[in-house]
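Engineer: Provide a 3D model corresponding to the input given below.
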Amino acid sequence: MKNAKILWIDLEMTGLDPQKDRILEVAAIATDWDFNEIATFESAVKVDEKTLESRMVGEFWDTFSKTRDALKLQNSRATKNSQEVEADLIKFVEENFAEELTNGEKILLGGNSIHQDRRFIRAEWKKLEKMLHYRMLDVSAWKVVMSAKFKRVFAKPENHRALDDIRGSIEELKFYLKKVKK
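Structural biologist: Presented below is the predicted three-dimensional model:
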């Protein structure tokens with residue numbers, strides 16, 4: 001694996017079940033291995049009202065009602081369906097990972113609890129899925145080790161908005177890497 005860059009992705013969804021829930025918002029950041037931002041991408045996905053009303057319920061959404069309301073408002077203004085957003089995201093990947101793709105490399109995906117996002121990518125965005133390496137950089141794995149072994153915890157705000165969450169994940173990984181260097 002020779003990746004010179006990382007594709008950080010965060011999704012906001014109606015819930016956690018990729019068979020029943022839908023992607024509402026996506027953000028992506030291309031970085032180098034010093035975690036410098038090369039480019040960013042954001043988009044909202046138009047989801048039908050029935051799905052929003054039936055899936056964005058329960059304790060989690062009651063706790064984060066401001067986020068739910070903001071995502072619902074954003075959804076009411078969104079104009080692109082899931083396939084259109086996937087096409088835009090693929091264009092972003094092709095533009096920012098051209099060298100890797102030309103060399104036949106798969107793209108390294110990074111994020112926090114990225115396996116959950118990957119489940120939705122696998123379910124909704126099969127073309128993008130084919131571009132991604134099977135290995136992933138999961139910041140939550142670092143969190144588990146640093147918390148249990150070294151009692152180091154990063155206080156990350158819980159905005160539950162895609163671009164903010166990615167930037168928080170990158171800062172969290174930087175925090176853990178500084179602790180390892182000491």
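Engineer: now do the buried residues in the helix or strand where Val85 lies.
Structural biologist: According to DSSP states H and E, Val85 maps onto helix 82-96. Neighbour counts using 16 or more other Cβ atoms under 10 Å place 82, 85-86, 89, 92-93, 96 of helix 82-96 among the buried residues. Every C-beta, even on glycine, is put in place using the N, C-alpha and C of the backbone.
Engineer: following the chain onward from that helix, which element is next?
Structural biologist: By DSSP H and E, the next helix or strand past helix 82-96 is helix 98-102.
Engineer: quick check: mean pLDDT of that next one?
Structural biologist: Averaged over helix 98-102, pLDDT sits at 94.
Engineer: CA atoms only for it, dumped as PDB, please.
Structural biologist: Extracted C-alpha coordinates of helix 98-102, given in PDB (Å, rounded to 0.1, in the frame of the first residue of the first chain):
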ATOM      1  CA  ALA A  98      -5.600  10.900 -10.000                       C
ATOM      2  CA  GLU A  99      -2.100   9.600  -9.500                       C
ATOM      3  CA  GLU A 100      -3.100   6.800  -7.200                       C
ATOM      4  CA  LEU A 101      -6.000   5.700  -9.500                       C
ATOM      5  CA  THR A 102      -3.700   5.900 -12.600                       C
END
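Engineer: name the surrounding residues that touch the very next helix or strand once past it.
Structural biologist: As assigned by DSSP H and E, the chain's next helix or strand after helix 98-102 is strand 107-111. For strand 107-111, the external contacting residues (Cβ atoms under 8 Å, 6 or more residues apart in numbering) are 1, 3, 5-10, 31, 93, 97, 100-101, 117-118, 131-133, 135-139, 166, 169, 173.
Engineer: doesn't Met136 fall inside a strand?
Structural biologist: Yes. Under DSSP: H, G, I helix; E, B strand; the rest coil, Met136 falls within a strand.
Engineer: show me what contacts it?
Structural biologist: Here Met136 is in contact with 108-111, 114-115, 118 (Cβ under 8 Å, 6+ apart).
Engineer: got a winner among the residues you listed for most neighbours?
Structural biologist: Gly111 (29 neighbours; other Cβ atoms under 10 Å).
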